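Asks: here is my input, please return the structure:
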Amino acid sequence: MNTPVNKSHAESVPSDTPRQPWGQVLRTYLEPASLRMFALGFSAGLPLLLVLGTLSFRLREAGIDRATIGYLSWVGLAYAFKWCWAPLVDRLPIPLLTRAMGRRRSWLLLSQLAIAGGLVGMALADPRQTLGPVVWCALLVAFASATQDIALDAFRIESADTRHQGVLAATYQTGYRLAMIWAGAGVLWLSARAEVPVAVVGVATGAPGALYQNAAWQTAYLVMAASMALGVLTVWFSREPARIELPPARSLAEWLRTALVDPFADFVRRHRWQAVLILALIGTYRISDVVMGIMANPFYVDMGYTKDEVAAVTKVYGVIMTLVGAFLGGALTVRFGVQRILMLGAALSASTNLLFAWLAGHGHDVTALIAVISTDNLSGGIASAAFIAYLSGLTNVQYSATQYALFSSMMLLAPKWLAGFSGVVVDAVGYPSFFVGTALLGVPVLLLVWVSMKKMPSSA
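Replies: Down below sits the predicted model:
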């Protein structure tokens, strides 16, 4: 549905909208917009691990030292600073392509083709010979992936009203999470299937790099590049959201003002002093999850869980529970409103960290791990769906790409910075106290959501 260009989504939806029957709510997941968002979510989730987690596995197997691998993780900073070029994606047309496909679809298609090209380059490069091509191609993939996120967020926001943003967020997360399984476990499985038996290649030593077979990784990464076809085809056959006419700029200075300054000034102008409250909520909402999550894998290792146990419970089963939570969160936002489920998600995300404190004293127990991961990931899925819908409702569709990129970048800056000290804290106080502390970090978030509900009831 179309929204006036001078309003945010939250302002365009009346607070007294009648609740829809559950059957009608669930049918929204089968609407074309929801199915498109599932495919585009897969396209968005595919590149992340291929330039971070999976790439570090490949480089270590190739004999690259851990310090270098750590430095290369800075490639992921492209996602944190995407707001810097979001104004260009929001307003700058691509010659010929934008005229033919529209503003959102043209940027989506260009970024998807760049991702596929970068993955092909990473496939053909051999890190044992030189890291340069691998690094530059990884940077291309990360930059193009962040650009795709900018355009896709705008595409999603402009495709539905606030109450349906939770459903679109849930289907987006479903595709995103499945892509992460494919880019994580899937690429390792493909590489292993493509390997030549050790006896054939004559490898006799177990030193780092000795068992590395670049041809196997080439096959896996080429399949990943081909997997981007799902997103490309979806964009090609989708319709551009209702076009929002932007006034033509009379000079370069005016263009820069409207592209770079106006999106941020618009947010402050619309929300006035409440902008501080909103930004504080955005910057802290996921703080419990992010700070705790950094120490999750070291915790599993220290508790004696094997790789197979961690992979099965957290990477596959846990993802499934996150998807269930995302669908539940999306349906609940449609039924009860965004801010009520935002409060529920904040409470669940913080309190489930206490389960990890219990697990730390319980000892090695796979059944207990399954119970904790199930509860934690279900809660995380609910919180994520509500939070994405909340962020979407804050944006003015005239500046949707720029404003959403700013919000989604802000939500990780403070938590990621604080999480850098998590190892020091664990060394000082131990895992149980650390997990309790991360749960307590969620208390101010609950207060911020409560104040937001009182001060901004129209978006609840």
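
Asks: and the longest helix for this structure?
Replies: helix 366-394 (DSSP state H).

Asks: chain center to that one, what's the gap?
Replies: 13 Å (C-alpha atoms, centre = their mean, to the nearest Å).

Asks: got the angle for the helix or strand hosting Thr171 vs helix 366-394?
Replies: Counting by DSSP states H and E, the element that carries Thr171 is helix 162-181. Using axes from the mean of the first three to the mean of the last three C-alpha atoms, to 10 degrees, the inter-axis angle of helix 162-181 relative to helix 366-394 is 140 degrees.

Asks: thinking again about what came up before, after the longest helix of the chain, next one along is what?
Replies: That would be, after helix 366-394 and using DSSP H and E, helix 400-419.

Asks: buried residues of the longest helix of the chain, list them for me.
Replies: 369-370, 372-394 (16 or more other C-beta atoms under 10 Å). For every residue, glycine as well, the C-beta is placed using N, CA and C.

Asks: what is the helix holding Thr171 packed up against?
Replies: Packing partners of helix 162-181 (3 or more C-beta pairs under 8 Å, 6 or more residues apart in numbering; DSSP states H and E): helix 9-12, helix 32-50, helix 132-157, helix 318-336, helix 338-351, helix 366-394.

Asks: run through the neighbouring helices and strands of the longest helix of the chain.
Replies: Where contact means 3+ C-beta pairs under 8 Å, 6+ apart, helix 366-394 is packed against helix 9-12, helix 132-157, helix 162-181, helix 318-336, helix 338-351, helix 353-362, helix 400-419.

Asks: let me have those in a markdown table, extended by distance to Phe57 and mean neighbour count.
Replies: Compiled in a markdown table, the helices and strands packed on helix 366-394 are given as follows (distance: least, C-beta to C-beta, whole Å; neighbours: other C-beta atoms under 10 Å):
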| stretch | distance to Phe57 | mean neighbour count |
| --- | --- | --- |
| helix 9-12 | 40 | 21 |
| helix 132-157 | 13 | 23 |
| helix 162-181 | 14 | 25 |
| helix 318-336 | 18 | 23 |
| helix 338-351 | 29 | 23 |
| helix 353-362 | 25 | 18 |
| helix 400-419 | 22 | 21 |
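
Asks: could you dump these to a markdown table with mean pLDDT and distance to Ile282?
Replies: Below are the helices and strands packed on helix 366-394 laid out as a markdown table (pLDDT from 0 to 100; distance: least, C-beta to C-beta, whole Å):
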| stretch | mean pLDDT | distance to Ile282 |
| --- | --- | --- |
| helix 9-12 | 45 | 14 |
| helix 132-157 | 91 | 14 |
| helix 162-181 | 79 | 15 |
| helix 318-336 | 84 | 17 |
| helix 338-351 | 90 | 11 |
| helix 353-362 | 92 | 20 |
| helix 400-419 | 72 | 5 |
